[in-house]
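**Q** need a structure here:
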Amino acid sequence: MERMYDIRKKEVINIFDGTRLGFVSDVILDETNGRIKKLIVPAPAKLLGLFSGGKEYKIGWEDIKVVGDDFLLIDADPANLLSN
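**A** Numbers count the residues shown, from 1 in each chain. Below is the predicted model of the structure:
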């Protein structure tokens, strides 16, 4: 069983286009059953590692295909992941 702490140490890679998205920073839970609905990964910063503009990737639990020791493989269209 994975713990939130363990998930945050894993890099998220999108097999849809081979993009390395980063590391999980937060989760969105389903309040009715306590299950994870989405993983949150901050979008890359635009200027010298600063000012990401508050954008983040929201990855649905159903998009996760493989949970490895050091990574999470997802399969999702990148256009559907980025949000403010």
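
**Q** count the residues that sit near the closest residue in space to A76 that isn't next to it in sequence.
**A** Nearest non-adjacent residue to A76, counting by Cβ to Cβ, 6 or more residues apart in numbering: D63, 4.2 Å away. Heads up, the C-betas are built off the backbone N, CA and C, glycines and all. Applying other Cβ atoms under 10 Å, we find 20 residues neighbouring D63.

**Q** so how far is D77 from D63?
**A** 9 Å (Cβ to Cβ, to the nearest Å).

**Q** where along this structure do the helices fall?
**A** With DSSP state H, the ranges of helices along the chain come out as 4-8.

**Q** P44 reaches G22, doesn't it?
**A** Yes - between P44 and G22 there is a contact under Cβ atoms under 8 Å: 7.0 Å.

**Q** comparing the two, which residue is more hemmed in?
**A** The residue with more neighbours, out of P44 and G22, is G22; 15 against 12, by other Cβ under 10 Å.

**Q** what sits against that one?
**A** For G22, the contact set (Cβ atoms under 8 Å, 6 or more residues apart in numbering) comprises E11, V12, V41, P42, A43, P44, Y57.
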